[in-house]
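# here are the coordinates; sequence isn't available:
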């Protein structure tokens, strides 16, 4: 998976609790992305980062926040998890804009 | 081809035959396209990409064709093998963000 790890790989949490997912890369790529994947939908972008401390919103950013304090780490936080956030979350990296993206193995999150 | 419905389009091919998977993209300003393969329980795997200044690009056993006039992308897999069984989807980009199709499920019959 191109030097990308995600943790945890599986998580079950209760509605209203905070959750943080971590993406770690060893490729020193500038861009990092968080997507969610749900049945009936293609991958949808939540947030992305184009450098340390530089982030922007994607098409489904409501209810999510991100942080990137180091090149290699990109954190996704659900401040107060809801059942609609049950999904598989993928992190991706790329060297620049409009270049090939490489994906991590995913995190399956279930909010009960 | 790709669909936004609940059920993935499916394609079944005999081992050794060629496969063609289609994708209709939405934004005429998109200038970069990628095909991905996703196996069950895994992250998407990059297959091949193409920029809008090209009509065709070839890789190992794969070819991507781009028709900008009708906003259509296709992936051709030569001599399909059982290991090619997976979901395939395309992505389009105009810059920092990518938009993904829902995918086509390819089954290779031995």
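Noted; the coordinates are in hand. All values derive from a computational prediction rather than experimental measurement.
# Point out the residues in chain A that sit beside chain B.
A:1, A:31, A:33, A:35, A:39-45, A:48, A:50, A:56, A:58-59, A:90, A:97-106 (Cβ under 8 Å from any Cβ of the partner chain). Bear in mind the C-beta positions are built from the backbone N, C-alpha and C, glycine included.
# ok, of these, which come out buried?
The neighbour count (16 or more other Cβ atoms under 10 Å in any protein chain shown) marks A:1, A:31, A:33, A:35, A:42-45, A:48, A:50, A:58, A:90, A:98, A:100-104, A:106 as buried among the residues of chain A next to chain B.
# Could you list which of these belong to helices?
Among those, no member falls in helices (DSSP state H).
# In strands only, show me the residues you listed.
Residues of these located in strands (DSSP state E): A:31, A:33, A:35, A:44, A:45, A:48, A:50, A:90, A:102, A:103.
# Show me what the mean pLDDT comes to for stretch A:43-53.
Stretch A:43-53 shows a mean pLDDT of 95 in the predicted model.
# Next, the buried residues of stretch B:96-109.
Neighbour-count burial for stretch B:96-109 [16+ other Cβ under 10 Å]: B:96, B:97, B:98, B:99, B:100, B:101, B:102, B:103, B:104, B:105, B:106, B:108.
# check contacts around the residue nearest the centre of chain A.
Residue closest to the average C-alpha location in chain A (Cα atoms, centre = their mean): residue A:34, at 2.9 Å. Applying Cβ atoms under 8 Å, 6 or more residues apart in numbering or on different chains to residue A:34 gives the contacts A:21, A:23, A:45-48, A:58, A:64, A:66, A:74, A:76, A:89-91.
# for residue B:64, same thing?
Per Cβ under 8 Å, 6+ apart, neighbours of residue B:64: B:33, B:35, B:48, B:49, B:50, B:56, B:57, B:58, B:73, B:74, B:75, B:76.
# Could you measure from it over to chain A?
Distance of residue B:64 to chain A, given as Cβ to the nearest Cβ, to the nearest Å: 13 Å.
# Show me the beta-bridge partners of that residue.
residue B:57, residue B:75 (DSSP bridges).
# where along chain B do the strands fall?
B:10-14, B:19-24, B:32-38, B:45-51, B:56-58, B:62-67, B:72-77, B:86-93, B:98-100, B:104-109.
# For residue A:89, grab the count of nearby residues.
23 (other Cβ atoms under 10 Å in any protein chain shown).
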